[in-house]
Structures are given as C-alpha cells and as structure tokens.
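In: After the sequence you'll find the predicted model.
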Amino acid sequence: MKLATVLSIVFLASTTFGNQNPVTTSEVNTPDPIRELNRVWQEYTTLDGVRIEYRLITCGDGVNVREQNIVVFRFSNQTSDQKTLSWKTKLFRDGECMNCHRIDDSENMHEIILNPNQILESDCSSTKDQSLYIFDNYVKYVPGMTKTRLTDFELTDLTIN
C-alpha cells in the first residue's frame, strides 16, 4: 500500500468517528491501521489548559459481563489551577442525534473537577460514572437488542472554570 494511501486512511479515521464497525474479540488482535488508530488516544479539544482526548475500547469478558465497545475519555489539566469542567453530551447513533430533543435532561449533563496537573483517564472500570465514557454497542447481540451504533458525539456547552 502506498504511503499516501495509508496517510489518507489514517487522516480519515482520525477525523471520522462514524466509520467504525463493531469490534469482536477476534478483531481486537488483528492488525488493522484504522482499528488500531481508533484504539489510541485522539484529541477532542484543548481549552483553557485542559486537554480532552477519547478512544474506543472493548470491555467485558463475555461471561460475567457482556462485551461492549465504549468510548472513554482522558482529561488532562495542564495548569497549576484547579479546573471544573461541565458539558452536555450529544449522541449520534447511525447518523441521527438520539438525544437532541432532551439535551437538557440531567443524564446528558456532566461535571468533573480536576486538581492542578491532574490526569483523569477512564477505562473499563469507569462505567459507573457516565461522565467518563459513552456506550457504543454490544459486541454480540441477543434477540430484541437494537443494533444501532454510535456514529458521533459532541460535548456541547463545554465550560472550564
């Protein structure tokens, strides 16, 4: 594959969240530049000395906990001051905003406090705090489950004090 083609694929994958397919356990270990790129931290924004990054991970063992793909966040306070972040999360599934009609509901509003120079990185154990992750999809579906995918997200009304 030519370098220009690889760079084009990397650029498209880093700017388009919605082109991801469900990840199965066997795919996790398969070398795939796009899949691997989605599994490394991608910058969402840096604002007032706070950097926000995200990445896609797979959680659950498929036995005790159903395997699922989630988007996790890393918040880095790069200042010597305490910072309070607040935002609302818009979720797009299969290209449609699924919560725009109720964006002001408490379940879409989030707030975290970062101490000076603190890095808060979420992982599979963070699924109790909805500020730290966004559900994408289950790896294996059972009858009756919706098969919609997270195609994009937006942190709106983001304020940092």
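Out: The structure has been received and is ready for your questions. Residues are numbered from 1 along each chain as shown.
In: Show the model's pLDDT score for the most centrally placed residue in the chain.
Out: Most central in the chain under C-alpha atoms, centre = their mean is residue 71, positioned 2.6 Å from the mean C-alpha point. At residue 71, the pLDDT value in this model is 93.
In: And what about it, helix, strand or coil?
Out: Classification of residue 71 using DSSP: H, G, I helix; E, B strand; the rest coil returns strand.
In: mind listing the helices in this protein by residue range?
Out: With DSSP state H as the criterion, the chain has helices at 3-15, 25-28, 33-38.
In: lowest-confidence stretch among those?
Out: helix 3-15 (a mean of 33).
In: ok, now how distant is residue 104 from residue 89?
Out: Using C-beta to C-beta, to the nearest Å, one gets 12 Å for the distance from residue 104 to residue 89. Where C-beta positions appear, they are placed from N, C-alpha and C, glycine not excepted.
In: the more surrounded of those two?
Out: Comparing residue 104 with residue 89 by other C-beta atoms under 10 Å, the one with more neighbours is residue 89, at 19 against 10.
In: Neighbours of the closest residue to the more buried one other than its chain neighbours, how many?
Out: Spatial nearest neighbour of residue 89, excluding adjacent residues (C-beta to C-beta, 6 or more residues apart in numbering): residue 108 at 5.4 Å. The number of residues packed near residue 108 is 17, by other C-beta under 10 Å.
In: need the contact list for residue 108.
Out: If a contact means C-beta atoms under 8 Å, 6 or more residues apart in numbering, then residue 108 has 88-90, 99, 102 as its contacts.
In: Check it and give its pLDDT.
Out: 92.
In: before we move on, what about residue 94?
Out: Spelled out, the predicted local distance difference test score at residue 94 is 91.
In: and what of residue 53?
Out: Here the pLDDT value assigned to residue 53 is 96.
In: now it: how far from residue 73?
Out: Counting by C-beta to C-beta - residue 53 and residue 73 are separated by 7 Å.
In: Hmm, residue 65 is touching residue 125, no?
Out: No - counting by C-beta atoms under 8 Å, residue 65 does not reach residue 125; the two are 11.0 Å apart.
In: where along the protein do the strands fall?
Out: Listed in chain order, the strands of the chain (DSSP state E) span residues 42-47, 50-59, 68-77, 83-93, 96-97, 109-114, 119-121, 133-138, 150-160.
In: Which of these has the lowest mean pLDDT?
Out: Comparing the strands of the chain on mean pLDDT, the least confident stretch is strand 133-138, scoring a mean of 89.
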